[in-house]
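> pasting the structure only:
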Ligand SMILES: Nc1nc2c(ncn2[C@@H]2O[C@H](COP(=O)(O)OP(=O)(O)OP(=O)(O)O)[C@@H](O)[C@H]2O)c(=O)[nH]1
């Protein structure tokens, strides 16, 4: 099948074509990479029309329950929802846990929802690239809400925040969590905080946590001058607070679109993405260069033994690389 036909079918919302396109994106074969690039280029004008939302939180916070409740809320209102994931550990665990269909059974059966587990990859950068590209395909296929899920650990949150319009942190009400969030630096990248499991005996604790987060947020410098990071309580299990969450997202979009931040952020993200790809490609080129590869072990050894400085060693390797 030609790339043009595949692109047309994706635009028509055909699921098999979308899956095929994602397979090309996720493939390691060079000819598939070229086809994926051609496909993305063809589809580019049809992309950009979704609201991209990142959702993060530690395991057990209720991400899948929340995404399912929110996803069903949206599809019931005529939206088409894609759920993607960035899980850099999927390589190690031998399969992705995130975005797994068995965790969101009802949403997975919904004709207006599309759930894709995290791609596997050697590096977070590789996983992120595939998810970004899949996000574009989903937009071309007509999904107007894209949720990108990630685990609340390490660099993956920053990575997801860099590919979405709005980054939401799911939290639990519990002693010390609020301060941990600040220490980890993740609250700086959150555009909204949602305290989940605010039900039953937990309701009061959640309300207290909400106050603590609000206070904590006051000491952080706001990311956007006219957006005060909201702290909401919800119960994904009982589907409470979901409508308020959606209202808040719409408010964020409206405000950011009105002041130009929305499109400026996307432009900046595209620029950053280009640079990330470029630097990755240069690194690959350098490390796969035969001359460099031949010299590298010896130079590295010299640095470790204290015979050469890392700076001088670096120069030698670069010179060898530049010579051809
Ligand atoms: N009481 C209560 N329990 C909830 C709520 N949301 C999720 N849970 C429960 O919390 C547990 C974890 O929920 P998941 O949705 O699997 O959480 P997760 O963050 O996706 O966890 P991982 O799959 O480990 O990443 C499950 O037993 C859920 O039923 C909620 O709003 N209230």
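Perfect, thanks for sending it. Quick caveat: nothing in here was measured; it's all calculated off a predicted structure.

> could you chop the chain up by domain?
Domain assignment for the chain, taken from automatic domain parsing, gives 1-46, 48-258, 276-322.

> residues contacting the residue in the stretch 1-150 of the chain positioned nearest to the ligand?
Distances between the stretch 1-150 of the chain and the ligand by C-beta to the nearest ligand atom are smallest at residue 62, namely 3.0 Å. All C-beta atoms are positioned from the backbone trio N, CA, C, and that covers glycine. Counting by C-beta atoms under 8 Å, 6 or more residues apart in numbering, residue 62 touches 170, 196-197, 236-237.

> outside of the helix or strand that contains residue 72, which residues touch it?
Assessed by DSSP states H and E, residue 72 sits inside helix 63-75. Applying C-beta under 8 Å, 6+ apart, the external contacts of helix 63-75 come out as 55-57, 81, 83, 98, 100, 103-107, 110, 112-113, 145, 147, 149, 170, 194, 196, 234, 236-237, 239, 242-243, 245-246.

> immediately after it, which helix or strand?
Following helix 63-75 in sequence order, the next helix or strand is strand 81-86 (DSSP H and E).

> what mean pLDDT would you report for that following strand?
Mean pLDDT, computed over strand 81-86, is 93.

> same check on stretch 295-309?
Computed over stretch 295-309, the average pLDDT equals 95.

> distance from the chain centre to it, please.
Between the centre of stretch 295-309 and the centre of its chain there are 38 Å (C-alpha atoms, centre = their mean, to the nearest Å).

> buried ones in that stretch, by neighbour count?
295-296, 299, 302, 308 (16 or more other C-beta atoms under 10 Å).

> same check, this time on stretch 108-116
Buried residues in stretch 108-116, defined by neighbour count with 16+ other C-beta under 10 Å: 108, 110, 112-116.

> could I get those as JSON lines with distance to the ligand and secondary structure?
Shown next, in JSON lines, are the buried residues of stretch 108-116 (distance: C-beta to the nearest ligand atom, whole Å; DSSP: H, G, I helix; E, B strand; the rest coil):
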{"residue": "108", "distance to the ligand": "14", "secondary structure": "helix"}
{"residue": "110", "distance to the ligand": "17", "secondary structure": "coil"}
{"residue": "112", "distance to the ligand": "21", "secondary structure": "coil"}
{"residue": "113", "distance to the ligand": "16", "secondary structure": "strand"}
{"residue": "114", "distance to the ligand": "18", "secondary structure": "strand"}
{"residue": "115", "distance to the ligand": "13", "secondary structure": "strand"}
{"residue": "116", "distance to the ligand": "16", "secondary structure": "coil"}
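
> turn those into CSV, including pLDDT.
Output for the buried residues of stretch 108-116, formatted as CSV (pLDDT from 0 to 100):
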residue, pLDDT
108, 92
110, 95
112, 96
113, 96
114, 95
115, 93
116, 90
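
> where in this structure is pLDDT low?
For the chain, the stretches with pLDDT under 70 are 90-101, 175-186.

> for it, which segments count as strands?
For the chain, applying DSSP state E gives strands covering 51-57, 81-86, 113-115, 145-151, 166-172, 192-196, 231-233.

> out of those, deepest packed?
Most buried of the strands of the chain by mean neighbour count (mean count of other C-beta atoms under 10 Å) is strand 81-86; its value is a mean of 28.

> partner strands of it and their direction?
Sheet partners assigned to strand 81-86 using DSSP bridges are listed as strand 113-115 (parallel), strand 145-151 (parallel).

> run a quick neighbour tally on the nearest residue to residue 263 once chain neighbours are set aside.
Of all residues not flanking residue 263 in the chain, residue 257 sits nearest, at 7.6 Å (C-beta to C-beta, 6 or more residues apart in numbering). Neighbour count of residue 257, defined by other C-beta atoms under 10 Å: 12.
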